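Chemist: what follows is a protein structure lacking sequence information:
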């Protein structure tokens, strides 16, 4: 069921993850040429997770909401890595760079590990934690205000 909380989670996850995607791409020694495309893909994954996973699980507790937001970022990460790996396996396989399924699986896992290793930058992780706190405060406040209005009548 659509709620203001789900909408707020979707918009905040999408918008702030777009910003995170732009910052992540700056962690590369030679940043990719298409900065916007990768960030938009990540923002789309995050908006989907915000609507379907985070929004319905928010309640009055700020602590519980923070744990849900962190879980949402982990789900976003795994969803984006899975979809990117699926895309990479087909495009590289079509270009005949992967010979068989095992070779494609190893290539996808190698790329995922490279991304995860790059994300372990201290400043980047602090930025993710700060954004998670912001999302938690806004989405929980939206839930409290919307719930107060709903039970008022």
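Modeler: Now that the structure is in, tell me what you want to look at. What you are looking at is a predicted structure, and each value in this text was computed from that prediction instead of being measured.

Chemist: pLDDT-wise, which helix or strand of this protein ranks last?
Modeler: Lowest on mean pLDDT, DSSP states H and E among the helices and strands of the chain sits helix 101-119, with a mean of 83.

Chemist: which secondary structure elements does it sit against?
Modeler: helix 62-94 (3 or more C-beta pairs under 8 Å, 6 or more residues apart in numbering; DSSP states H and E). Just so you know, the C-beta spots here come from the backbone N, C-alpha and C atoms, and that holds for glycine as well.

Chemist: who's in contact with the nearest residue to residue 16 once chain neighbours are set aside?
Modeler: Nearest non-adjacent residue to residue 16, counting by C-beta to C-beta, 6 or more residues apart in numbering: residue 131, 4.9 Å away. Residues counted as contacts of residue 131 (C-beta atoms under 8 Å, 6 or more residues apart in numbering) are 16, 19, 20.

Chemist: repeat that with 10 Å
Modeler: Residue 131 makes contact with 12, 13, 16, 17, 19, 20, 23, 69, 73, according to C-beta atoms under 10 Å, 6 or more residues apart in numbering.

Chemist: nearest to residue 138 among those residues?
Modeler: Nearest to residue 138 among the contacts of residue 131, counting by C-beta to C-beta, is residue 12 at 6.0 Å.

Chemist: in PyMOL, select just the buried ones from the contacts of residue 131.
Modeler: Selection of the buried residues among the contacts of residue 131 in PyMOL, burial being defined by 16 or more other C-beta atoms under 10 Å:
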select buried, resi 12+13+16+17+20+23+69+73
